[in-house]
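Undergrad: Need a 3D model of the sequence below.
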Amino acid sequence: MFAGGRGDGGKGGTFSVEDLYGISKKPKSSSSTWETTAKSGSRRAEQRSESELATQILEAAHRLVEKRRLTLYLRECAISLTDYEAERTAMIYRNLGKSGLRVSCLGLGTWVTFGSQISDEMAENLMTIAYEAGVNLFDTAEVYASGRAEITLGNIVKKKRWRRSSYVVTTKIYWGGQAETERGLSRKHIIEGLRGSLSRLQLDYVDIVFANRNDVNSPMEEIVRAMTFVINQGMAMYWGTSRWSAMEIMEAYSVARQFNLIPPVCEQAEYHYFQRDKVEVQLPELYHKIGVGAMTWSPLACGLITGKYSEGVPDISRANMKVQGYQWLKERVNSEEGRKQLAKIKELHLMADRLGCTAAQLAIAWCLRSEGVSSVLMGVSNTDQLVENLGALRLISQMTPQTVAEIDSLLGNKPHSKKESRA
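TA: Numbers count the residues shown, from 1 in each chain. Okay, here's the model as predicted:
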């Protein structure tokens, strides 16, 4: 025993070893310990339950506010919610090529519009209406409006607080800046360019990063290895190509298989009444061979198919934009080939009237009927155009062999596959 100054430490004012070191001779009751643990676990479970309930209430309130905002905005546009719901058809989702990624058959593009032609407020309205209609695919690129398109899109998704798992964002890498190392598909620019895009988008990753044309100065192995790297680093989920030839896509696939790397899953290609060969002949062959899908853009041929250029070039149109890079569109409209196309478009307008739809809806539905097309990207500058384009969904069932054959007859440009050519 040890002497001590406390009179109540033990017999004769001394402390025992048990007192000094906190050791009790009596065994602790295991049942009381279990009860304490059980109560603690129960409290934690209750707290988790309350937290989950609060989260659900907040999400429900947020959805209610979003619907109210949508109703108010549609009212400002002289569109009733009833008319909007009537025009809207359940969104159709398709696999992106033979990958497991499910994308809406209509996506929203940002070329020309976001950060340039339209205000940020209009961009937010377009994304809200599209998302509420079931669109889960939003496409942009580092070059669009010199990066401002990505900034606008990023600000909107951050403000909306949509679940990141509920939508797909794609961007494209090639033209990133003026310096020699800020463009192309070198390993350096693919990695640095994508980091820049993620910073502007305020996202941890994009779902798909596209090579926005092939780069003859970069070896294919370097491109595929860099794309594999950004996917392995969690900066992207998939990679694809944009405006690549079938031969270039096949080379990328072969390199990926040779070195156990990740191959592309999708090609972005222009597709409309007057641009058919690649999507209808070349890409279906790649789809069956290696699983590459098609995400198509410009279904209205930059507005040509809507008939807006039938009486000349309007002041407010892409063909009349002062921005460098759109002079080709004005030249195309005024060319002899353009005039022939406009004559065919007038006939297609009559056909659309007969089917009870607009020329734009008919053109988009026609694009969606093509084999291997995973999604068609819409380019719109106002809500009326967006609601109209979404109405194309109800026409897909009307794209019968007879209707398609009639359109082919009017256009007179149906491409033939190798098998048909040999026959």
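
Undergrad: which ones are touching Leu101?
TA: 95, 168, 207-208, 237-238, 265 (Cβ atoms under 8 Å, 6 or more residues apart in numbering). Bear in mind the C-beta positions are built from the backbone N, C-alpha and C, glycine included.

Undergrad: Run through the helices of the stretch 101-250 of the chain in chain order.
TA: Applying DSSP state H, counting those that start in this stretch to the stretch 101-250 of the chain gives helices spanning 120-132, 148-160, 187-201, 220-232, 246-258.

Undergrad: can you list these in a markdown table and add mean pLDDT?
TA: Shown next, in a markdown table, are those (pLDDT from 0 to 100):
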| stretch | mean pLDDT |
| --- | --- |
| helix 120-132 | 97 |
| helix 148-160 | 98 |
| helix 187-201 | 98 |
| helix 220-232 | 98 |
| helix 246-258 | 98 |
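
Undergrad: closest to Ser298 out of the ones you listed?
TA: Smallest distance to Ser298 across these (Cβ to Cβ): 16.2 Å, for helix 148-160.

Undergrad: Looking at the contacts of Leu101, which are in strands?
TA: With strands defined by DSSP state E, the entries of the contacts of Leu101 inside them are 95, 168, 207-208, 237-238.

Undergrad: Looking at the contacts of Leu101, which one is closest to Leu362?
TA: Relative to Leu362, and with distances defined as Cβ to Cβ, the nearest of these is Asn95, at 25.3 Å.

Undergrad: In the sheet, which residues pair with the closest one? Tell me.
TA: Beta bridges link Asn95 to Arg102 when assigned by DSSP bridges.

Undergrad: show me the contacts for it.
TA: Residues near Asn95 by Cβ under 8 Å, 6+ apart: 101-103, 293, 374.

Undergrad: tell me which residues in stretch 361-372 are buried?
TA: When neighbours are counted by 16 or more other Cβ atoms under 10 Å, the buried residues of stretch 361-372 are found to be 361-370, 372.

Undergrad: State the pLDDT value of Val380.
TA: Val380 is assigned 96 on the pLDDT scale.

Undergrad: Assumed it was part of a helix.
TA: No. Val380 is assigned coil when assessed by DSSP: H, G, I helix; E, B strand; the rest coil, not a helix.

Undergrad: Make sure it is actually in contact with Leu386.
TA: Yes. Under the criterion of Cβ atoms under 8 Å, Val380 makes contact with Leu386 at 4.5 Å.

Undergrad: what do these two both touch?
TA: Shared contacts of Val380 and Leu386, defined by Cβ under 8 Å, 6+ apart, are found at 108, 126.

Undergrad: Might you list the low-confidence residue ranges for the stretch 201-350 of the chain?
TA: Low-confidence segments of the stretch 201-350 of the chain (pLDDT under 70): 309-330.

Undergrad: Just want the phi and psi numbers for the closest residue to Asp215 other than its chain neighbours.
TA: Computed as Cβ to Cβ, 6 or more residues apart in numbering, the closest residue to Asp215 that is not its neighbour in sequence is Leu185, at 3.8 Å. As for Leu185, its main-chain torsions (degrees, to the nearest 10) stand at phi -120, psi 40.
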